[in-house]
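Trainee: Sharing a model prediction with you, sequence too.
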Amino acid sequence: MNDVNYYDKVMKNQSSSSSSSEFHNQDEQLKSSLQKVLDSQKNNLTEEELDKIHYFYLLIIEDGNNQRIIYLKDEIYEIGRRHDAEIVIHDPSVSRHHATIVKEYNQEENLFFYKIFDGNLSGNLSTNGLIINDKKYDNKYLEHGDLIKFSDGAKGRYFVIDKNSKNTDIFNLIDGEKISDKEDKKESYDKLTLTKDNYNIDKIYLDKDNIIDYISKLSSFAELSPYPIIEINLQGKLTYYNQAASLCFPNLIEEKMTHVVLSNLLKAEHKIQGNLFVREVHYQNKIFEQYIHYLPELKLIRSYLFDFTERKQIEAKFKDSEAKYRAVIEQISEGIFLFTADDFMIIEANIATTKILKYSLGELIHKNIEDLLANKHPEFKHKLTQLKEKKISFKKELKLKVKRCEPVDVELSVSLINYQNKLVFCAVFSNISDRKKLENKLKYQAYHDSLTGLYKRNFFINCLSQTIANAKRKNILVAILFFDVDYFKQINDNHGHDIGDCLLKQFSRRLKHCLRESDCLARWGGDEFIALLPDIASKDDLIVIIDRIIKSVTNPFVCHGVTVQTSTSIGVAIYPHHGEDIDSLIKKADQALYITKANGRNGYTICHFE
């Protein structure tokens, strides 16, 4: 299963009279399994490898009565009901290509992330959709505690665990209905991913209602910010603060809502026309500007504080609040621009915006935001309308135009703010071109053989499935051809692997040249190749193609100055004569291949009609 480590624990059906102690024993076994996973991975790593990683990434799958822990470390995982998926889910309501998890790397911070996509990377979406934390996504960066619902009977919970953590009591069972049945379980799910030394979270716990709402901490890595970031819920309970806040305001925990940075936040909520306002805070001879962001959807109030003590002389020159706001946004690398809520005209932009898009500030001002979009996005305008009505911020990945250059991939976040006594849209975007390139590279690697550049087996099977479905509708013939390189082992042993690899690459190119553009060619493994020929008019037409292939590969190959003579053996199966499903067709073609080899090679065998 491609280096996927499974620690299976079969959960037997519980009757309605099951005692709380039985549930407790089940959880203790699961925690024990979790600790075994962590200990096993640590033991398999050298000290040098262990020093380079910060966290372990786990996925707990509940599939019917079966529960298992999966340690994530590979670049890509396909999830679905297919037997060859990296993570197989047996629930019949789950799609064959339900979801795909892709690993991404942030080189600057030396951290890994996992991103999950609906369906597979070829664009085939799942039937049920990608449901995470009761919301539907096309794709999402996985965050600690995310609850993924594949179907009513299959769920998954994602965890990011500090490598030094010994505490396995970080989760309840995946099914929320089971939690309510356990009288001896906590009412809350405390999402304490990192150690308290890293995240200052001792004595700070979340209510059950805020568990899902609290998601967003790890993906933004607020802990790395040099500026204080503080959050409280709408009941005035402190839910989060980063290391910078701890250093600047050491009495925050003790003083709570009486602390100067938290006082009057709840009283001020009704004064906000939009969802963001700024106030000045004086603390121990320092002056901070506090940007307070009300997040009604998350039931949170989030504050960002900037030390402006040394800037007071500069501030004396500022005439209004928007000038002070610009002093903050000009310091950050993300592009920020403001545009009107009625006609979408840009009215302000920071330096980073001009650097990324290569337009001058004069060229950007009064430009319609839609004129910056590289492609038409009707839903973008619809989201802006919804934002104006419901005041719920949104994020979107899209391409923005760059002056005299190719468009740039960005992640754009749009909020509604109060600016000069008017409601305007505030757009913050970052360049994600490198990330997109990595995603495209991973997509290519997922479905293409690294040596020959041909498709891999998983892509071929997916293509064959679609072709069979189309053939059933149109009542047409489809051919499956299995090839191997005759005497490849002897060639490899006599001339070495470099010559062998060169031969495989040239062999694959000749096969591809002989096939039609509509045909699909893949490397099955080793020196075996497989081709899918849709819409074959007749058996005679098929034989013409086969003869062309045999003639082509019998010509000598020249590999690194060495002349190699070989041939090919071919086995053929035809839909629907030799089978109407993937497994039977491939099996028949493979059997025909071995008949060809038994009859002296350098030829082909077509299965007998049944």
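Mentor: Structure received. Numbering: from 1, shown residues only.
Trainee: going forward, measure contacts and count neighbours with C-alpha atoms only.
Mentor: Fine.
Trainee: Against residue 280, how distant is residue 287?
Mentor: 7 Å (Cα to Cα, to the nearest Å).
Trainee: Which one of the two is surrounded by more residues?
Mentor: Between residue 287 and residue 280, counted using other Cα atoms under 10 Å, the more crowded position is residue 287 (18 against 13).
Trainee: any idea how far residue 146 is from the most centrally placed residue in the chain?
Mentor: What sits nearest the mean C-alpha location of the chain, by Cα atoms, centre = their mean, is residue 115, with 1.5 Å. According to Cα to Cα, residue 115 and residue 146 sit 12 Å apart.
Trainee: same question, residue 80
Mentor: 18 Å.
Trainee: Tell me which of those two has more neighbours.
Mentor: Taking neighbours as other Cα under 10 Å, residue 80 and residue 146 compare with residue 80 leading, 26 against 19.
Trainee: which ones are touching that one?
Mentor: 87, 88, 89, 90, 94, 95, 96, 97, 98, 99 (Cα atoms under 8 Å, 6 or more residues apart in numbering).
Trainee: try it again with 6 Å
Mentor: If a contact means Cα atoms under 6 Å, 6 or more residues apart in numbering, then residue 80 has 88, 89, 95, 96, 97, 98 as its contacts.
Trainee: Let me see the contact set for the first one.
Mentor: By that I understand residue 88. Applying Cα under 6 Å, 6+ apart, the residues near residue 88 are 79, 80, 81.
Trainee: Now do the closest residue to the last one other than its chain neighbours against residue 261, distance only.
Mentor: Excluding its sequence neighbours, the residue lying closest to residue 81 (Cα to Cα, 6 or more residues apart in numbering) is residue 96, at 4.3 Å. Taking Cα to Cα as the criterion, residue 96 is separated from residue 261 by 52 Å.
Trainee: Between these two, which has more neighbouring residues?
Mentor: Neighbour comparison, residue 96 and residue 261: the larger count goes to residue 96, with 25 against 22 (by other Cα under 10 Å).
Trainee: Just the element for the more buried one, please.
Mentor: In the assignment (DSSP states H and E), residue 96 maps to no helix and no strand.
Trainee: contacting residues for it?
Mentor: 80, 81, 82.
Trainee: Could you list the low-confidence segments of this protein?
Mentor: Residue ranges of the chain with pLDDT under 70: 1-33, 52, 54, 106-111, 162-225, 268-276, 312-330, 609-610.
Trainee: Could you list the domains of it?
Mentor: 1-185, 197-317, 333-434, 448-606 (automatic domain parsing).
Trainee: now these in CSV, with distance to residue 440?
Mentor: Conversion of these to CSV gives the following (distance: least, Cα to Cα, whole Å):
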stretch, distance to residue 440
domain 1-185, 9
domain 197-317, 21
domain 333-434, 10
domain 448-606, 12
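Trainee: Out of the contacts of residue 88, which is nearest to residue 238?
Mentor: Set against residue 238, the nearest of the contacts of residue 88 by Cα to Cα is residue 79 (37.8 Å).
Trainee: Who are the contact partners of the closest one?
Mentor: Taking Cα under 6 Å, 6+ apart, one finds 85, 87, 88, 98, 99, 100 in contact with residue 79.
Trainee: repeat that with 7 Å
Mentor: The contact partners of residue 79, by Cα atoms under 7 Å, 6 or more residues apart in numbering, come to 85, 86, 87, 88, 97, 98, 99, 100.
Trainee: Can you tell me how far the last one is from residue 93?
Mentor: Using Cα to Cα, residue 100 is found at 17 Å from residue 93.
Trainee: so residue 459 makes contact with residue 447?
Mentor: Yes - assessed by Cα atoms under 7 Å, residue 459 is found in contact with residue 447 at 5.6 Å.
Trainee: And the helices in the stretch 301-450 of the chain, which stretches?
Mentor: 312-315, 321-329, 351-357, 361-364, 378-390, 433-447 (DSSP state H, counting those that start in this stretch).
Trainee: Now name the helix or strand holding residue 78.
Mentor: Residue-wise, residue 78 maps onto strand 76-80 under DSSP H and E.
Trainee: and that strand, how far out from the chain's middle?
Mentor: 11 Å (Cα atoms, centre = their mean, to the nearest Å).
Trainee: Also stretch 259-269?
Mentor: 37 Å.
Trainee: Identify the residues contacting that stretch?
Mentor: Here stretch 259-269 has contacts from 252, 257, 281, using Cα under 7 Å, 6+ apart.
Trainee: could you redo the last one with a cut-off of 8 Å?
Mentor: Under Cα under 8 Å, 6+ apart, the answer for stretch 259-269 is 234, 236, 251, 252, 256, 257, 281, 282, 283, 290, 294.
Trainee: same question, stretch 409-429
Mentor: Stretch 409-429 has contacts (Cα under 8 Å, 6+ apart) with 273-277, 321-322, 334-341, 387-388, 391-400, 430-433, 436.
Trainee: Quick one: buried ones out of those residues?
Mentor: 274-277, 334-341, 387-388, 391-393, 398-400, 430-432 (16 or more other Cα atoms under 10 Å).
Trainee: Just the ones of those residues in strands?
Mentor: 276-277, 335-340, 398-400, 430-431 (DSSP state E).
Trainee: Make a markdown table out of the contacts of stretch 259-269 and add secondary structure, distance to residue 505 and neighbour count.
Mentor: Converted to a markdown table, the contacts of stretch 259-269 look like this (DSSP: H, G, I helix; E, B strand; the rest coil; distance: Cα to Cα, whole Å; neighbours: other Cα atoms under 10 Å):
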| residue | secondary structure | distance to residue 505 | neighbour count |
| --- | --- | --- | --- |
| 234 | coil | 63 | 17 |
| 236 | coil | 66 | 17 |
| 251 | coil | 67 | 11 |
| 252 | helix | 65 | 20 |
| 256 | helix | 68 | 16 |
| 257 | helix | 69 | 18 |
| 281 | strand | 68 | 16 |
| 282 | strand | 70 | 13 |
| 283 | strand | 69 | 12 |
| 290 | strand | 62 | 20 |
| 294 | strand | 59 | 22 |
